[in-house]
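> Show me how the following folds:
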Amino acid sequence: MQIDFSLAQANLTSVVALCFLLGFIAARLKSDIRIPESVYQFISVYLLLGIGLKGGNALKDVTFMEFWPAALTTIFLGLTIPVIAFYSLRWVKALSVDDRGAFAAHYGSTSLVTFTAALLYIENSGMPVEGFATALLTLLEIPGLVVGIYLASRTTHDSVNWKKTVSEVLFGKTVLLLTGGLALGFIASDAGFAKVVPFFVDTQSGLLALFLLNLGYIAGTNWPEIKHVGFPVLIFAIGFPLISGALGAIAGSLCGLSVGGSAILAVLAASASYIAAPAAVAVALPKANGSLPMTASIGVTFPFNLLVGIPTYIALAQLFADLL
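Predicted coordinates:
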């Protein structure tokens, strides 16, 4: 495999990546540039709803026959990736079964911000992406959470309040805003959607940069905790996304996605949640050390994917498209 280093350089020097680095450096220098929590939550809602609206509007031009192979493939990945994560971590003796389930839920789920950064980057590169990409994000979000929690509870025989857990998964902010945005974007008239484009689409890159500035600050603040996570977990937080990303790229090529679509599916498969998963795990697996997967996800996997992973997954998508 040959990585296009011009793509890697362009991604590393993009504004969103540089904002993340700025936030990280500021935190290490003890400079408080964090965004107020209320503003951070506003941007989070904005990104979730905006991505949903944009994806829902794009779904109007997609037929069921075009969508179903990718949908089934994505669900298959959502069921498979947390299983691989759960059992690959059994060799890390410091982790309990609940901890492994928490990791499986985090790494089986997805990162909206990684997806958004990758989608904007790929679209700006002139590479076409299927209009149902956002729907794939939603389809991959749910099974990863449920399977990770199920594996832990099945192994320990601890009872899980599934009613409360499923409610948190389905009606939590992430899934509800994404699915709601998809529905609204699909139902809205073209004229109605055009009126909100200047806010929800045209300004998306700028608000994403602010969001990444704050995530960089959070990662920099939590950086001392990384050494407490343990070297095997650090290896997992970098190595596992490469494995799951490769699976996503292969699956995307096999189900007929374009190179851009396969790259997006690879990014989704390689990303790890730090918004939806912590809330669901806290409800379902109270004995798990939730700070471990959270620290690995936002402090290691997210910056790795943002700075290195995205061009790597594009290269993998191109490679498997040529081979398959």
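> Tyr150: neighbour count?
Neighbours of Tyr150 under the rule other CB atoms under 10 Å: 21. In short, each C-beta sits where N, CA and C put it, glycine included.
> Return the distance of it relative to Val169.
Distance, Tyr150 to Val169, by CB to CB, to the nearest Å: 12 Å.
> Could I get the full set of helices for the stretch 51-200 of the chain?
64-88, 97-108, 112-124, 133-156, 162-171, 173-187, 190-200 (DSSP state H, counting those that start in this stretch).
> Who are the packing partners of the fourth one?
Okay, so that is helix 133-156. For helix 133-156, the elements it packs on are helix 37-59, helix 64-88, helix 97-108, helix 112-124, helix 162-171, helix 173-187, helix 259-270, helix 276-284, judged by 3 or more CB pairs under 8 Å, 6 or more residues apart in numbering; DSSP states H and E.
> buried sites along that helix?
133-153 (16 or more other CB atoms under 10 Å).
> What does the pLDDT read for the residue lying closest to Thr138 once chain neighbours are set aside?
Leaving aside its chain neighbours, Thr138 sits nearest to Leu178 (4.9 Å; criterion: CB to CB, 6 or more residues apart in numbering). Predicted confidence (pLDDT) for Leu178: 90.
> out of the helices and strands packed on helix 133-156, which comes closest to Ala194?
helix 37-59 (9.4 Å; CB to CB).
> so how far is the closest one off the chain centroid?
Helix 37-59 has its C-alpha centroid displaced from the chain centroid by 14 Å (CA atoms, centre = their mean, to the nearest Å).
> Could you do stretch 245-263 as well?
16 Å.
> Can you check the distance spanned by it, start to finish?
Counting by CA to CA, to the nearest Å, you get 9 Å between the two ends of stretch 245-263.
> Quick check: closest non-adjacent residue to the residue most central in space within the chain.
The centroid of the chain falls nearest to Ser111 when counting by CA atoms, centre = their mean (1.9 Å). Excluding the flanking residues, the one nearest Ser111 by CB to CB, 6+ apart is Ser271, at 3.7 Å.
> shouldn't the one you found be in contact with Leu119?
No. Contact criterion CB atoms under 8 Å: Ser271 and Leu119 do not qualify, at 11.9 Å.
> neighbour count winner among the two?
For Ser271 versus Leu119, neighbours defined as other CB under 10 Å are more numerous around Ser271 (32 against 22).
> Show the pLDDT at that one.
As predicted, Ser271 sits at a pLDDT of 96.
> before we move on, back to that, contacting residues around the residue nearest to the centre of the chain?
Ser271, Ala272, Ser273, Tyr274, Ile275, Ser297, Phe302, Asn305 (CB atoms under 8 Å, 6 or more residues apart in numbering).
> go on, Leu112?
So Leu112 contacts Leu47, Leu48, Ile51, Leu137, Thr174, Leu178, Ile275 (CB under 8 Å, 6+ apart).
> Just give me the neighbour total for the last one.
Ile275 sits with 19 neighbouring residues when counted by other CB under 10 Å.
> go on, the fifth one?
When neighbours are defined as other CB under 10 Å, Thr174 has 24 of them.
> my read: it touches Tyr274, true?
No. With contact defined as CB under 8 Å, Thr174 does not reach Tyr274; the gap is 10.6 Å.
> Output the contacting helices and strands for whichever strand or helix holds Thr295.
Assigned by DSSP states H and E, Thr295 belongs to helix 291-296. With contacts taken as 3+ CB pairs under 8 Å, 6+ apart, helix 291-296 sits against helix 97-108, helix 223-229, helix 231-254, helix 276-284.
> Name the residues that touch that helix?
95, 99, 102-103, 105-107, 222, 225-226, 229, 233-234, 236-237, 272, 274, 277-278, 281.
> Of those residues, keep whichever come out buried.
For those, buried by 16+ other CB under 10 Å: 95, 99, 102-103, 105-107, 226, 229, 233, 236-237, 272, 274, 277-278, 281.
> count of residues packed around the closest residue to Thr174 other than its chain neighbours?
Nearest non-adjacent residue to Thr174, counting by CB to CB, 6+ apart: Ala276, 4.1 Å away. Neighbour count of Ala276, defined by other CB under 10 Å: 25.
> mind checking pLDDT for His157?
pLDDT, His157: 63.
> Please name the residues that touch Leu323.
Ser253.
> separation between it and Leu136?
Counting by CB to CB, the gap from Leu323 to Leu136 is 22 Å.
> re the thing from before, now the contacts of Ser111 as CSV including distance to Lys195?
Shown next, in CSV, are the contacts of Ser111 (distance: CB to CB, whole Å):
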residue, distance to Lys195
Ser271, 31
Ala272, 35
Ser273, 32
Tyr274, 33
Ile275, 28
Ser297, 36
Phe302, 33
Asn305, 34
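> from those, which is closest to Leu247?
Ser271 (12.9 Å).
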